[in-house]
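*Asks:* next input, structure requested:
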Amino acid sequence: MASHHRLSLLTAAILQATSCVALAQTADRPPAADRGTELPEVRVRATAVRETATGPVTGYRATRSATATKTDTPLQEVPQSVSVIGAEQIRDQNAQTLQEVLRYTAGVTADVYGLDNRGDWFMMRGGSEGSILLDGLRLPLTGYYGVVRNEPYAFERIEVLRGPASVMSGENGPGGVVNLVSKRPQAQPQREIQVQLGNHDHKQLAADLTGPLNEDATLLYRLVALTRDSGTQVQYADMERQYVAPSLTWQAAPGTRLTAYLQYQRDRSGNTEGFFPLEGTLHPGPQGKIPLERFVSEPGWDTYGGRRWRLGYELEHRLNDQWTLRHHLRHDDVEGKLRSMYADYTTGFLADDRSLGRLWYATDDDSRITNGDLLLEGRLRAGDVQHTLLLGVDVMRSRMSRLYWAGAATPLDVYTPVYGRFTPPALSADSALPGSSGTTRTRQYGLLLQDQMKFGQRWVVVAGLRRDRVKTELSPSTNQDVNEQAWTKNLGVVYLADHGWAPYASYGESFQPVPGFNKSGSFKPKRGKQVELGVKWEPTDARMSATAAVYTAKETNRTMPDPADPTNQLQRGEVAVKGLELSFTGRVQSWELIGAFTRTHTRDKATDTRLPNVPEHNASLWAVHHFAAMGVPGAKAGFGVRRLGKTSDGSDTLSTPAVTLFDAMVSLERGNWTYALNATNLTDKTYFAACLDRGDCWYGTKRKLVGTVSYRF
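*Replies:* All right, here's what the predicted structure looks like:
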């Protein structure tokens with residue numbers, strides 16, 4: 001109650017301040033009687049607000065991005081495949097997790113573990129776990145399963161860069177990165193209060209307020225806040241979230257801009273994943289299918305979540321007409337807690353053909369992470385060549401402490417469960433499991449150099465080089481310390497042809513240390529290489545864009561279980577991935593459209609099998625029709641279809657079936673009010689997100705219905 005009271009006071013104070021500004025501006029105008037009856041002719045020329053790489057996206061189609069280059073660059077001049085998901089698309093689709101945001105994006109497998117709520121799990125281009133950036137800086141996992149997840153309502157845009165991106169973002173896998181771009185203060189006043197109700201007892205209240213605090217708009221504010229209380233399709237697994245993020249921008253001088261921000265988030269939820277065995281899910285069980293809503297843990301004991309404080313600033317200073325200095329600094333303080341269980345899928349059903357063994361596990365996590373960078377950008381011309389030079393250094397220091405406990409629990413009849421027969425263990429630092437508990441300290445340093453060269457009006461060449469150093473120390477010592485250094489590079493070329501066509505070619509590399517060791521010693525870093533060919537189309541007389549890309553990628557040194565020794569890990573010799581991706585975004589008459597198609601072929605050359613959980617084919621289409629031309633302004637309706645292809649279990653002995661899912665929305669805007677209804681998995685289809693060769697299956701998300709009422713003023 002105290003937190004809600006503080007939020008109400010803060011919201012009221014900001015609304016009062018902005019109202020005073022508006023009244024002051026109105027008071028400066030003379031009364032109508034004093035202005036005379038004849039007014040001179042005034043001609044007003046409307047100009048569209050220029051899109052920036054970190055600002056709002058008009059409609060669904062963005063034209064600029066900074067994720068691939070760290071500079072504000074037209075997407076047509078980026079020799080890589082990039083998708084931008086703006087706040088309007090997130091709103092229309094009512095995406096409430098990062099997986100839901102990404103489900104209509106080419107090259108991304110967003111539904112990796114179905115309803116699993118312990119982290120933002122997704123894969124990119126061939127099964128590589130996607131790395132996450134926040135405003136261009138790495139966002140490493142905090143805690144055992146991520147603890148505090150990302151809130152889509154907090155972001156202005158979410159950008160997907162496919163392919164190796166180590167030159168820009170440091171250590172990560174070869175599949176690509178997702179960059180979360182935060183909502184920042186805007187000069188144009190915008191204020192929204194939003195209320196949601198939905199099935200599974202979903203309730204949410206959110207607010208997004210921004211605008212100037214003084215007459216010359218040199219001081220801007222923004223406040224984003226949200227509180228959510230919801231159930232899920234799993235019994236006893238409710239979810240709660242509180243989120244508050246104020247920020248302030250000061251335009252100190254024409255070329256100097258400083259933004260400071262603070263964020264608080266608290267999550268608490270129950271366990272939604274069961275780790276149910278193949279028997280009773282994909283295959284018939286002794287008493288039929290295990291109910292999808294079955295809660296495998298213990299009510300009252302099971303819990304997951306934590307709290308996060310985040311503060312930082314972003315500074316930009318223009319040195320002169322050619323050179324600009326940018327500096328970002330962010331610190332996260334995260335505490336997390338997990339108490340849960342999963343079904344012992346390795347033993348299957350017990351003798352009564354109704355019960356499954358259970359294993360309990362628990363963690364206490366404490367993380368402190370500081371990220372920063374310093375970038376010097378120069379825009380120079382040498383003859384007919386325009387250079388955009390970038391020199392940068394970034395640093396990350398983190399300290400993550402963990403206590404981990406695990407053990408066997410009482411069995412559970414998954415058809416007719418009786419809870420309360422499990423005695424919660426007494427947990428202490430002394431009883432934590434060695435090897436899984438301790439403190440990890442990481443220091444990462446990166447130095448990068450990039451040149452974007454534009455030859456006349458046709459050719460663009462982008463070349464980048466980076467040096468990384470990563471040092472990881474574990475305490476107490478387990479001989480798993482990492483001290484790695486690596487060079488990575490990229491090279492790309494774009495030809496800007498007539499009528500908006502832009503064919504391109506690129507080469508990129510990735511670098512990712514692997515903590516730990518095996519019987520042969522410490523692990524080698526994972527390395528990735530990729531060659532990509534593609535073409536982009538962005539006609540000048542239409543609000544649409546499309547990209548077609550083919551690529552071939554190789555990754556070395558992925559870890560895998562040792563077939564001869566289950567206590568040991570090996571590193572694969574090479575993983576090969578080939579793919580085709582097609583994407584379309586734009587406005588066609590009264591339609592907003594998003595289309596994507598992905599074809600991926602993977603091969604683990606060590607075992608000659610496909611990689612697990614990677615569909616060979618994915619396809620999706622989202623279409624929203626605006627009814628203004630039919631005499632119903634402010635009304636729109638949308639429909640989406642997602643085809644999730646068949647996946648392998650990793651040994652080519654078992655497949656997870658393909659599935660087709662449907663989503664829909666309707667929305668009506670009347671004055672300051674907007675009413676919307678969203679349906680996900682409209683037909684309420686039961687399906688599996690993944691079935692693995694280790695012996696367990698994961699249910700997908702069932703139908704979700706959410707109604708939203710928004711008031712903008």
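*Asks:* can you pull the buried residues of stretch 335-351?
*Replies:* Buried residues in stretch 335-351, counting neighbours by 16 or more other CB atoms under 10 Å, are found at 335-345, 348-349. Glycine gets a C-beta too; all of them are placed from N, C-alpha and C.
*Asks:* now, which of the residues you listed sits nearest Ser648?
*Replies:* Tyr345 (18.2 Å; CB to CB).
*Asks:* three-state assignment of that closest one?
*Replies:* Under DSSP: H, G, I helix; E, B strand; the rest coil, the three-state class of Tyr345 is coil.
*Asks:* report all helices and strands that the helix or strand hosting Leu449 contacts.
*Replies:* Secondary structure assigned from DSSP states H and E places Leu449 in strand 438-455. Here strand 438-455 touches helix 166-169, strand 385-413, strand 459-475, going by 3 or more CB pairs under 8 Å, 6 or more residues apart in numbering; DSSP states H and E.
*Asks:* about what we covered before: could you dump the buried residues of stretch 335-351 to CSV with secondary structure, distance to His617 and pLDDT?
*Replies:* Below are the buried residues of stretch 335-351 laid out as CSV (DSSP: H, G, I helix; E, B strand; the rest coil; distance: CB to CB, whole Å; pLDDT from 0 to 100):
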residue, secondary structure, distance to His617, pLDDT
Glu335, strand, 42, 95
Gly336, strand, 37, 93
Lys337, strand, 40, 93
Leu338, strand, 36, 94
Arg339, strand, 40, 95
Ser340, strand, 34, 95
Met341, strand, 36, 95
Tyr342, strand, 31, 94
Ala343, strand, 31, 96
Asp344, coil, 34, 95
Tyr345, coil, 28, 94
Gly348, coil, 32, 93
Phe349, strand, 34, 96
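*Asks:* go through these and name the one nearest Thr218.
*Replies:* Nearest to Thr218 among those is Glu335, at 37.2 Å by CB to CB.
*Asks:* which phi and psi does the residue lying closest to Leu692 once chain neighbours are set aside have?
*Replies:* Closest residue in space to Leu692, ignoring its immediate chain neighbours: Asp649 at 5.3 Å, by CB to CB, 6 or more residues apart in numbering. When read as degrees, to the nearest 10, the backbone of Asp649 gives phi -90, psi 0.
*Asks:* for Asp649, give its distance to Thr347.
*Replies:* Noted for Asp649: a distance of 19 Å to Thr347, by CB to CB, to the nearest Å.
*Asks:* likewise Leu474?
*Replies:* Leu474 is 32 Å from Thr347, where distance means CB to CB.
*Asks:* for His601, same thing?
*Replies:* 35 Å.
*Asks:* now swap in Asp468 and tell me
*Replies:* Taking CB to CB, one finds Asp468 at 44 Å from Thr347.
*Asks:* likewise Glu151?
*Replies:* Glu151 is 38 Å from Thr347, where distance means CB to CB.
*Asks:* what does Glu538 give?
*Replies:* Look at Glu538 and Thr347: by CB to CB, they are 56 Å apart.
*Asks:* can you map out the strands along the stretch 101-250 of the chain?
*Replies:* Assigned by DSSP state E, counting those that start in this stretch, the strands in the stretch 101-250 of the chain fall at 108-109, 123-124, 128-129, 131-134, 137-138, 155-162, 176-182, 190-198, 202-212, 219-230, 239-253.
*Asks:* so what strands line up beside the longest one?
*Replies:* Using DSSP bridges, the strands paired with strand 239-253 in its sheet are strand 219-230 (antiparallel), strand 256-269 (antiparallel).
*Asks:* list the helices and strands the helix or strand following the last one packs on?
*Replies:* Scanning forward in sequence from strand 256-269, with DSSP H and E defining helices and strands, the next element found is strand 276-277. Using 3+ CB pairs under 8 Å, 6+ apart as the contact criterion, the elements in contact with strand 276-277 are strand 696-699.
*Asks:* would you put the C-alpha positions of the strand it packs on in PDB?
*Replies:* What follows is strand 696-699, C-alpha atoms only, in PDB (Å, rounded to 0.1, in the frame of the first residue of the first chain):
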ATOM      1  CA  ASP A 696      10.700 -33.700 -20.800                       C
ATOM      2  CA  CYS A 697       8.100 -31.600 -22.600                       C
ATOM      3  CA  TRP A 698       7.000 -27.900 -22.200                       C
ATOM      4  CA  TYR A 699       3.400 -26.800 -22.700                       C
END
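*Asks:* what strands flank it, and is each parallel or antiparallel?
*Replies:* Partners of strand 696-699 in the sheet, by DSSP bridges, are strand 276-277 (antiparallel), strand 688-691 (antiparallel).
*Asks:* do you know how far Leu205 is from Gln96?
*Replies:* Leu205 is 14 Å from Gln96, where distance means CB to CB.
*Asks:* among the two, which residue is more densely surrounded?
*Replies:* Taking neighbours as other CB atoms under 10 Å, Leu205 and Gln96 compare with Gln96 leading, 25 against 15.
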